[in-house]
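> the following comprises the amino acid sequence and a computationally predicted model.
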Amino acid sequence: MQRVAVAGLLCALMLFSCKSGEKMYNKGRYDEAVTAFVKKLQRKPQDATALKILPLAYQQAAKMHEDRVNAFLRSNNQLKWESVRTEYRSMQRLYDLIHGSPAALQVVTPKDYRDAITGAQENAAEVRYDRGMVLLEKGDKASARLAYDEFTATLKLISNYRDARQRKDEAFQAGVVNVVISELEVRSTYFQFSADQFRDYLVRTLQQRNINRFVQFYDERIARNENIRPDEYIELRFLDFMVGQTYVDRSQRDVSKQIVTGTTKDTSGKSQNIYQTVTATLFLTKKTVYSSGVLDYRITDTNNGKLLRSDRVPGSYTWVNQFGYFKGDERALSDADKSLLGGRDVPPPPPQDLFIELTRPIYDKLEQDLRSFYYRL
């Protein structure tokens, strides 16, 4: 029973394959038709339909690709050889497929396109290389970056084409933009260490994110020590900042509530609640420490002194500590009153920590601005 089921499945597959091949052929999808018929012949070498239509499908596929090749060759598109290579590769796949089926080889003699592919590939690499050289010789950074892409494409076509690898490296060096980030001075030496941490972390993050392969970021001190000439200079400075402005708000509030303390009976014997008014006084303290600052940054082209971008980024941080206690009867307190109680009087973070906190939103906005600016370079 199982053998019958397997045989039935194979028959169904072969029938589907044949019908699929005819369907593709009738729709003008000749490559797919050739593939379907070859697979059919690999399973059933004597299939009449496949043997009859396969030569026609291959002939139409070859004509279609050759027509496309001729159209590309007549065009003025400099990159036409890459399209030509694609067409030849499609035909070579059919050649390899047919050579994998003895039955298919009996009715089709496929053409070997290996030499044609090699020729098209060499022509394509030459065109890419020549385009890269023309761009590189222009001598400007934008053209050098385009030249880098052309040499990269050359090496993808032929991995050892002439001196393309050397030219690619040359184009990269000519196209790269060295961006130096200034030291960040603050008016108080007390915060200088924190300011240096801010700047150092910014430089490391920009370097590690690899925003643009043609942009390299440097710390001003390192650039100076290594004699790196900046193409662009990012100047950072705090226009103004204030750390640890403290506000203390003390208040007290009297509260009262009627509570049931028991029951009694009236003259008719009916129970009645006995009420008592209880009171308490809340003593609340709210200590707020506010810190804020504004960072100014400017991006300048060091070659011509042109200002490329500038902005001012504000940041702030508010530290709050609230605590309270009460005197009197606790039963007078509502749930909202109780939520205000507890805690203790604790000192605020040290000024260096407050400075770091106020610069966090500044850092986030500054990094976002710089990533956006240099991503589009």
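Nice, thanks for sending it over. Residues are numbered from 1 along each chain as shown.
> distance check, Lys306 against Arg376.
For Lys306, the distance to Arg376 under the criterion CB to CB, to the nearest Å works out to 17 Å. Backbone N, C-alpha and C define where each C-beta goes, glycine included.
> distance between the ends of stretch 155-174?
19 Å (CA to CA, to the nearest Å).
> what does it contact?
Identification of contacts with stretch 155-174 by CB atoms under 8 Å, 6 or more residues apart in numbering yields 82, 121-122, 124-125, 128-129, 132-133, 135-136, 139, 141, 144-145, 147-148, 151-152, 154, 213-214.
> let's see which of those residues end up in helices.
Secondary structure defined by DSSP state H assigns 82, 121-122, 124-125, 128-129, 132-133, 135-136, 141, 144-145, 147-148, 151-152, 154 of the contacts of stretch 155-174 to helices.
> quick check on the contacts of stretch 155-174: which are buried?
Among these, those that count as buried by neighbour count (16 or more other CB atoms under 10 Å) are 82, 121, 124-125, 128-129, 132, 135-136, 141, 144-145, 147-148, 151-152, 154, 214.
> may I have stretch 276-283 as PDB, with CA atoms only?
Coordinates of each C-alpha in stretch 276-283 appear next as PDB, following Å, rounded to 0.1, in the frame of the first residue of the first chain:
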ATOM      1  CA  GLN A 276     -15.400  61.900  68.200                       C
ATOM      2  CA  THR A 277     -13.300  64.500  66.400                       C
ATOM      3  CA  VAL A 278      -9.600  63.700  66.300                       C
ATOM      4  CA  THR A 279      -6.900  66.100  65.100                       C
ATOM      5  CA  ALA A 280      -3.300  66.100  64.000                       C
ATOM      6  CA  THR A 281      -0.700  68.400  62.500                       C
ATOM      7  CA  LEU A 282       1.500  67.500  59.500                       C
ATOM      8  CA  PHE A 283       5.000  68.900  59.300                       C
END
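> mean confidence for it?
Across stretch 276-283, pLDDT averages out at 95.
> likewise stretch 92-99?
Per-residue pLDDT values across stretch 92-99 average out to 96.
> cool, and stretch 155-170?
For stretch 155-170, the mean per-residue pLDDT is 97.
> name the residues of that stretch that are buried.
Buried residues in stretch 155-170, counting neighbours by 16+ other CB under 10 Å, are found at 155, 157-158, 161, 164, 167-168, 170.
> let me know the closest of these to Ala223.
Glu170 (22.2 Å; CB to CB).
> so where does the closest one fall, helix or strand?
Applying DSSP states H and E as the criterion places Glu170 in helix 164-175.
> any idea how far that helix is from the chain center?
Its chain's average C-alpha position is 26 Å from that of helix 164-175, according to CA atoms, centre = their mean, to the nearest Å.
> ok, now stretch 302-318?
Here the centre of stretch 302-318 is set off from its chain's centre by 24 Å, with CA atoms, centre = their mean.
> hmm, who's touching that stretch?
With contact meaning CB under 8 Å, 6+ apart, stretch 302-318 is reached by 229-233, 239, 288-301, 354, 357-363, 365-366, 369, 373.
> same question, stretch 252-271
272-284, 331-334, 337.
> switch the cut-off to 10 Å
272-285, 324, 326-329, 331-334, 337, 340 (CB atoms under 10 Å, 6 or more residues apart in numbering).
> what about those residues, which are in strands?
Judged by DSSP state E, the subset of those located in strands is 272-285, 324, 326-328.
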